[in-house]
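1. Predicted structure and sequence below. I'll ask about it afterward.
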Amino acid sequence: MASVPSLAATVNQRVADALSAALPEAGAADPLLRRSDRADFQANGMLALAKKLKGNPRELAGKVVAGIPTGAAGDVIKEIEVSGPGFLNITVSDEAIVRTLAARAEDDRLGVPYADKPGTTVIDYAQPNVAKEMHVGHLRSAVIGAAMVEILEFTGEKVVRRHHIGDWGTQFGMLIQYLIEHPHELDHKSEDEVSGEEAMSNLNRLYKASRALFDSDEEFKTRARARVVDLQAGDEETLALWRRFVDESKIYFYSVFDKLDMEIRDPDIVGESGYNDMLEETCRLLEESGVAVRSEGALCVFFDDIKGPDDKPVPLIVQKSDGGYGYAATDLSAIRDRVQNLGADTLMYVVDARQSLHFKMVFETARRAGWLNEDVKAVHLAFGTVLGKDGKPFKTREGETVRLADLLNEAVERATAVVREKGEKIGLSEQEITGNGVQVGIGAVKYADLSTAAARDYKFDLDQMVSLNGDTSVYIQYAYARTRSIFRLAGSAAPKAHPELALAPAERALGLHIDQFGETVTEVAASYEPHKLAAYLYQLASLFTTFYEQCPVLKAEGGQEQIENRLFLCEVTARTLHRGMALLGIRTPERL
Ligand code: ARG
């Protein structure tokens, strides 16, 4: 289906045309159209333009108005007038609003356009570390990354997902050596019998025990270090044991992602180890091209503008003096792979803001090496810290980092209590209450994360997150469920657009907002700002609530046609809410 131009786009075009007719020397000037409370839209572009051309803005605005047909049947613009120093106040016709929504309703995508030139984006997100617990810090990368995947795919972009898990490094020497000396520690009856929590507790136990030995027993320490060398040399027995750690961890990761209602696919998990074979070559290429130089035995890249506290340059170390490769070498190799093998033109990293310097240096190095160029851009979609109610990084009362699984369980528990209260009144079964509790609880956590600009820190406050009032996912989910309940009560009445009907103010406001969905998605996809989609959906739910309070649907005083038209508005609202929430990874229960 064809995309549907929004009324804003149509009006903007009309004004732009009239503007260039009135003032040919202005060229293609932007009318600067905005939504407004005085009329439907306001165009401010005449002011700056008249000023620039030393003309009178009101006079120019008057000429533009004279060039725009209004008021006749079929005209999108019903009224346009000059106001103040030279703005235009523009009102569109009720008919145009209903017609544009009817065109959207025809289309499965609600008339949302595909991107003009879709490309290939590799999104690096949801990257926990093997043999380590997932904590609240891993939440944001997963949630924001998954939303960006959905949003970009919806615009037609080809998206390749990469979960750059921490599955390599010196700590594996210690773990593997311990397992060799205590061979039955990771045994269990059969793969599917272990739950994620059990897998994690096995790993935790092993980690603690091997750490204790490593710290107290010099000989074990030596054996553990030798094991790292074996691992890096690709020794089969060592690799096999390493794989057991990775597999055991994956059981755990999947259980947490499952709880998060997030689909993670095995082939997309390409951890640090996945670039092992490239590390040597990456270093050689950097050294040969002079991008990296040897300094005190290490292979380093220096930057003019990156200095430490003592004003000494801080290098990016690609290879340590003992020959070991670290985080940077892996990331540089991953860039080569993603650009050269996966064909990416955008590399996106959804990673904590505290890694900004790392990415800045890695990107700059890759640019110098020619792996990134004008055709490929790299973006660090940096996110802030999750804070506790006290405004400090979120910790348990004992001062430990909060386990993600515990946090999600608690959210579901709280949400279930909220859902139960209302659910019992409307006769929901126990099964429905529990099911909704999960969708509301997980939705609440995701929404709280997504509704704040990524770069900002936010406070993790479950009471606020599951509140029925205010900017929460439950509020939006309720609006959706309300549309469903109207349909259940509608009996034989079916939604049907009636463009000939006059609209009430709340209907117009709702309709105009629904019409902006495509533009919102396009903007969010281009700026990587999912919080703007969250804000759009919250506003949509609020406008629907006002509509619901002011405009009876099934008891509409205007008779059958108005009932149908209002049902139609409910339907496009519902579809827009549902689609928008799905882009954020949030479910919309049918009955709440
Ligand atoms: N595993 C890392 C961590 O937990 C995040 C990896 C981010 N991605 C990357 N390509 N460096 O901090």
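-> Thanks, I have the structure now.
2. Single out the residue in the stretch 351-500 of the chain that lies closest to the ligand.
-> Closest to the ligand within the stretch 351-500 of the chain is residue 351: 4.5 Å, counting by Cβ to the nearest ligand atom. Yep, even glycine has a C-beta here, placed from its N, CA and C like the rest.
3. separation between that residue and residue 371?
-> Going from residue 351 to residue 371 by Cβ to Cβ, to the nearest Å gives 19 Å.
4. picking that back up, quick check, the residue of the stretch 351-500 of the chain closest to the ligand in a helix?
-> No. Per DSSP: H, G, I helix; E, B strand; the rest coil, residue 351 lies outside any helix segment and is strand.
5. burial measure for it, as a count.
-> For residue 351, the count of nearby residues is 22 (other Cβ atoms under 10 Å).
6. Distance-wise, check it relative to residue 317.
-> Where residue 317 is concerned, residue 351 sits at a distance of 19 Å (Cβ to Cβ).
7. if we can go back for a sec, quick check: beta-bridge partners of the residue of the stretch 351-500 of the chain closest to the ligand?
-> With DSSP bridges as the criterion, residue 351 is bridged to residue 382.
8. Pretty sure it sits against residue 124.
-> Yes. Using Cβ atoms under 8 Å, residue 351 is in contact with residue 124, at 7.2 Å.
9. before we move on, back to that, quick one: contacts for the residue of the stretch 351-500 of the chain closest to the ligand?
-> 124, 127, 141, 359, 380-383 (Cβ atoms under 8 Å, 6 or more residues apart in numbering).
10. again, 10 Å this time
-> For residue 351, the contacting residues are 124-125, 127, 140-141, 144-145, 164, 358-359, 380-383, by Cβ atoms under 10 Å, 6 or more residues apart in numbering.
11. restrict those residues to contacts with the ligand.
-> Among these, the residues within reach of the ligand (Cβ under 6 Å from any ligand atom) are 124, 127, 164.
12. Distance check, the first one against residue 583.
-> The one in question is residue 124. 20 Å.
13. Ok, the second one next?
-> When Cβ to Cβ is applied, the distance between residue 127 and residue 583 equals 22 Å.
14. Looking at those two, which has the bigger crowd around it?
-> For residue 127 versus residue 583, neighbours defined as other Cβ under 10 Å are more numerous around residue 583 (25 against 22).
15. how far does the host helix or strand of residue 441 sit from the chain's center?
-> Following DSSP states H and E, one finds residue 441 within helix 430-450. Here helix 430-450 shows a centroid-to-chain-centroid distance of 18 Å under the convention Cα atoms, centre = their mean, to the nearest Å.
16. I'd like the average pLDDT over that helix.
-> Mean pLDDT, helix 430-450: 97.
17. need the next SSE after it, C-terminal direction.
-> strand 458-459.
18. Which secondary structure elements does that next one sit against?
-> Strand 458-459 sits against strand 386-387, helix 430-450, with contacts defined as 3 or more Cβ pairs under 10 Å, 6 or more residues apart in numbering; DSSP states H and E.
19. which residues touch that strand?
-> Residues from elsewhere that reach strand 458-459 (Cβ under 10 Å, 6+ apart): 140, 383-392, 394, 448-449, 451-452, 465.
20. just the buried members of these?
-> Among those, those classed as buried by 16 or more other Cβ atoms under 10 Å are 140, 383-388, 394, 448-449, 451-452, 465.
21. elements contacting the host helix or strand of residue 532?
-> For residue 532, the enclosing helix or strand under DSSP H and E is helix 530-550. Here helix 530-550 touches helix 137-154, helix 430-450, helix 473-489, helix 505-514, helix 517-527, helix 560-583, going by 3+ Cβ pairs under 10 Å, 6+ apart.
22. Report the buried residues of the helix or strand encompassing residue 211.
-> Assigned by DSSP H and E, residue 211 belongs to helix 196-216. Neighbour counts over helix 196-216 (16+ other Cβ under 10 Å) mark 196, 199-200, 202-203, 206-207, 210, 213-214 as buried.
23. can you count the residues close to residue 437?
-> 23.
24. Sorry, slip of the keys, the one I care about is residue 581.
-> 23.
25. Give me the contacts around stretch 292-300.
-> 282-287, 291, 301-302, 313-326, 328-329, 332, 365, 368-369.
26. Buried residues of it, list them for me.
-> Residues of stretch 292-300 classed as buried by neighbour count (16+ other Cβ under 10 Å): 292, 298-300.
27. Also stretch 392-408?
-> Neighbour-count burial for stretch 392-408 flags 394, 402-405, 407-408 (criterion: 16+ other Cβ under 10 Å).
28. So which of these are in helices?
-> Taking DSSP state H as the definition of helices, the buried residues of stretch 392-408 contribute 404-405, 407-408.
29. Mind telling me the two of those farthest from one another?
-> Within those, two members stand farthest from each other by Cβ to Cβ: 405 and 407, at 7.2 Å.
30. hey, what's in contact with both of the two?
-> Contacts common to residue 405 and residue 407, judged by Cβ under 10 Å, 6+ apart, are 134-135, 259.
31. With secondary structure added, can I get these in CSV?
-> Converted to CSV, those look like this (three-state DSSP):
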residue, secondary structure
134, coil
135, strand
259, helix
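32. so can I have CSV of these showing distance to the ligand?
-> Shown next, in CSV, are the shared contacts of residue 405 and residue 407 (distance: Cβ to the nearest ligand atom, whole Å):
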residue, distance to the ligand
134, 9
135, 9
259, 18
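33. now, which of these sits nearest residue 16?
-> Nearest to residue 16 among these, with distances taken as Cβ to Cβ, is residue 259, at 49.8 Å.
34. what sits against the closest one?
-> Here residue 259 is in contact with 196, 404-405, 407-409, 411-412, 438, 441-442 (Cβ under 10 Å, 6+ apart).
35. Residue 335 too?
-> 122, 275, 282, 344, 347, 362-363, 365-367, 369, 371-372, 376, 378.
36. For the ligand, tell me which of those residues show up nearby.
-> Applying Cβ under 6 Å from any ligand atom to these, none is adjacent to the ligand.
37. hmm, which two among those residues are most spread apart?
-> The span of those, defined through Cβ to Cβ, is set by 275 and 367 at 18.9 Å.
38. out of these two, which sits in the busier spot?
-> Taking other Cβ under 10 Å, residue 275 and residue 367 do not tie; residue 275 has more neighbours (22 against 15).
39. need the ones in helices among the buried residues of stretch 392-408 in TSV with pLDDT and distance to the ligand, can you?
-> Listed next are those as TSV, based on pLDDT from 0 to 100; distance: Cβ to the nearest ligand atom, whole Å:
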residue	pLDDT	distance to the ligand
404	93	12
405	93	16
407	93	17
408	96	18
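40. tell me the average confidence for stretch 248-259?
-> 94.
41. Against which helices or strands is the least confident helix or strand in the chain by mean pLDDT packed?
-> Least confident helix or strand of the chain, by mean pLDDT, DSSP states H and E, is helix 45-52 with a mean of 86. Counting contacts by 3+ Cβ pairs under 10 Å, 6+ apart, helix 45-52 packs against helix 7-22, helix 57-66, strand 87-92.
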